[in-house]
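Chemist: Next one to model:
(one chain, ligands or ions: 2)
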Amino acid sequence: MPKIKSITCQKILNSRGDWTIETKVTLDDGSEGSQAIPDGASKGENEAVYIPVERAVDIVSTAINDALEGEDPTEQFVIDQILLDMDGTTNKKHLGGNSILSVSLAVAKASAKSKKMELYEYLAHLYTPKKDPSAKLKFPVPVFNIINGGLHSHNSLSFQEFMAIPSPTLPFDKALEMGVVVYHNLKEILIKDGLDVDVGDEGGFAPNNLTVSKALQYISKAASQSYKLGEQLFMGMDVAAGSFYMHNSYLIKEEKKTLDSNKMSQMYIDLLTTYPLIYLEDPFYEGDAEAWAKFTKAVGSRLMVVGDDLVVTNPKFLKNAVDRKLANAVIVKPNQVGTLSETFEFVRNAQKAGMKIIVSHRSGETGEDTFIADLSLAVGADFIKSGAPVRGERVVKYNRLLQIFNAHNK
Ligand code: PGA
Ligand code: ZN
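Modeler: Numbers count the residues shown, from 1 in each chain. Ligands and ions are numbered 1, 2, ... in the order given. A predicted model of the protein is given here:
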């Protein structure tokens, strides 16, 4: 059995030019695993706490290094429990969600190396130990965020993400190709209309003077130029409604409107009749549970009502969402909860409850990190969100999936 020899940590820059941490775990057989930590801009209230980078570097390379030296890295659940016990808080504010997650994931990567397995194979073995390793891989459908608003840009759009979603019946390579074609179509259309084609944090265009309807119209136009909208390609939005919820209502600044939960629901229902929307993430603030429940009851049979800030990849908040039927799909972001074990528990419980699984990046990513691509395969996720098919830190995840797809479809 290999043993953990050392854990080191350094600060590095992320895609927004903010400092984050990168942790390296070295085993006594020479295997290594490194993991950098992403960061969000529109965080859920109940996410694991990020501690300042300098403190995280110090905690990982001293206290955590000392505690885990000599431990068996292939005992992922034991390692994560040691970290949870050392932290001793419900929101990981003592050691930091960023410190803990970097170690948890780097340990898994070093173990995969030691066992000479691809990361997704090793993670799949941890997630479902009894699964036949030769079973066919399920590839997630890529969800392309091609117009950015909200806290991911400085334009006037209040909603955060407008997405093109290939039909789930298509193979991964075709789906990726469609995202690329629609993205380029959209760029040409925006330029023709004299709009700005600078991009936001997740690679989507972020022009000024759009409204929600206009953004959806542009995506429809770009998609219809090359594909059958509503058949080959669908649409979605991440409203990230918590980011513009104030005094019990929602402020749609670009239209100078303030809407209560019922009016928000009605607006979504109207949009559903006009556009082939199949996906709506965080349509309400996470504390507005009644609105979530009513809306999911009304449209859940024809729309994915996706909880992100609502459940923050945390089994505790998921249970509440399942019990109260608040959503029928969930986002999975390991850094919202802070360990691989809790991420697995969350996905397992969500799958048991019949929810769709969407593994997701954050708006602040690092250039070489592809962990979520492997995670999506390991748990059999239905979808993956890695932004538009541009910007190095976004495409590196799509490329990782494409490489694995090609290797399995020779
Ligand atoms: P964040 O946003 O990474 O900035 O929190 C992503 C999302 O809300 O899905
Ligand atoms: Zn979201």
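Chemist: Report how many residues lie close to the nearest residue to Thr74 once chain neighbours are set aside.
Modeler: Spatial nearest neighbour of Thr74, excluding adjacent residues (C-beta to C-beta, 6 or more residues apart in numbering): Ser111 at 4.8 Å. Just so you know, the C-beta spots here come from the backbone N, C-alpha and C atoms, and that holds for glycine as well. Using other C-beta atoms under 10 Å, Ser111 has 27 neighbouring residues.
Chemist: Enumerate every residue touching Ser111.
Modeler: Shown in contact with Ser111 (C-beta atoms under 8 Å, 6 or more residues apart in numbering): Pro2, Leu27, Ser31, Gly33, Pro73, Thr74, Gln76, Tyr122.
Chemist: quick one: it and Thr23, what's the gap?
Modeler: Counting by C-beta to C-beta, to the nearest Å, the separation of Ser111 from Thr23 is 14 Å.
Chemist: Ok, Glu75 next?
Modeler: Between Glu75 and Thr23 the distance is 18 Å, computed by C-beta to C-beta.
Chemist: between these two, which one's more packed in?
Modeler: Counted by other C-beta under 10 Å, Glu75 and Thr23 do not tie: Thr23 has more neighbours, with 30 against 14.
Chemist: you'd agree the more buried one is in a strand?
Modeler: Yes - using DSSP: H, G, I helix; E, B strand; the rest coil, the assignment for Thr23 is a strand.
Chemist: Report the contact partners of it.
Modeler: Residues in contact with Thr23, defined by C-beta under 8 Å, 6+ apart, are Ile7, Thr8, Cys9, Ser34, Gln35, Val60, Ser99, Ser102, Val103, Ala106.
Chemist: Which PyMOL command selects the buried ones in the residues you listed?
Modeler: Buried subset of the contacts of Thr23, written as a PyMOL selection, criterion 16 or more other C-beta atoms under 10 Å:
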select buried, resi 7+9+34+35+60+99+102+103+106
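Chemist: what residues does the stretch 1-150 of the chain put near ligand 1?
Modeler: Counting by C-beta under 6 Å from any ligand atom, the residues of the stretch 1-150 of the chain lying close to ligand 1 are Gly40, Ala41, Ser42, Lys43.
Chemist: Now with 8 Å, please.
Modeler: Counting by C-beta under 8 Å from any ligand atom, the stretch 1-150 of the chain comes close to ligand 1 at Pro38, Asp39, Gly40, Ala41, Ser42, Lys43, Gly44.
Chemist: which among the residues you listed end up buried?
Modeler: Using 16+ other C-beta under 10 Å as the burial test, these include Pro38, Asp39, Gly40, Ala41, Ser42, Lys43, Gly44 as buried.
Chemist: for the residue most central in space within the chain, phi and psi?
Modeler: The centroid of the chain falls nearest to Ser360 when counting by C-alpha atoms, centre = their mean (1.5 Å). Main-chain torsions, Ser360, degrees, to the nearest 10: phi -140, psi 150.
Chemist: quick one on the thing from earlier: distance of the residue nearest to Thr74 relative to ligand 2?
Modeler: Distance from Ser111 to ligand 2, counting by C-beta to the ion, to the nearest Å: 30 Å.
Chemist: What residues sit buried inside the helix or strand where that residue lies?
Modeler: Ser111 belongs to helix 97-114 when elements are defined using DSSP states H and E. Using 16+ other C-beta under 10 Å as the test for burial, helix 97-114 gives 97-114.
Chemist: With just CA atoms, put it into PDB.
Modeler: Output of helix 97-114 as PDB, limited to C-alpha atoms (Å, rounded to 0.1, in the frame of the first residue of the first chain):
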ATOM      1  CA  GLY A  97     -13.200  24.700   2.000                       C
ATOM      2  CA  ASN A  98     -10.500  25.600  -0.500                       C
ATOM      3  CA  SER A  99      -7.700  24.000   1.600                       C
ATOM      4  CA  ILE A 100      -9.700  20.800   2.300                       C
ATOM      5  CA  LEU A 101     -10.900  20.300  -1.300                       C
ATOM      6  CA  SER A 102      -7.400  20.800  -2.800                       C
ATOM      7  CA  VAL A 103      -6.100  18.000  -0.600                       C
ATOM      8  CA  SER A 104      -9.100  15.700  -1.000                       C
ATOM      9  CA  LEU A 105      -8.900  15.900  -4.800                       C
ATOM     10  CA  ALA A 106      -5.100  15.800  -5.100                       C
ATOM     11  CA  VAL A 107      -5.100  12.600  -2.900                       C
ATOM     12  CA  ALA A 108      -7.500  11.000  -5.400                       C
ATOM     13  CA  LYS A 109      -5.300  12.000  -8.300                       C
ATOM     14  CA  ALA A 110      -2.100  10.700  -6.700                       C
ATOM     15  CA  SER A 111      -3.900   7.400  -5.900                       C
ATOM     16  CA  ALA A 112      -5.100   7.100  -9.500                       C
ATOM     17  CA  LYS A 113      -1.500   7.600 -10.700                       C
ATOM     18  CA  SER A 114      -0.200   5.000  -8.200                       C
END
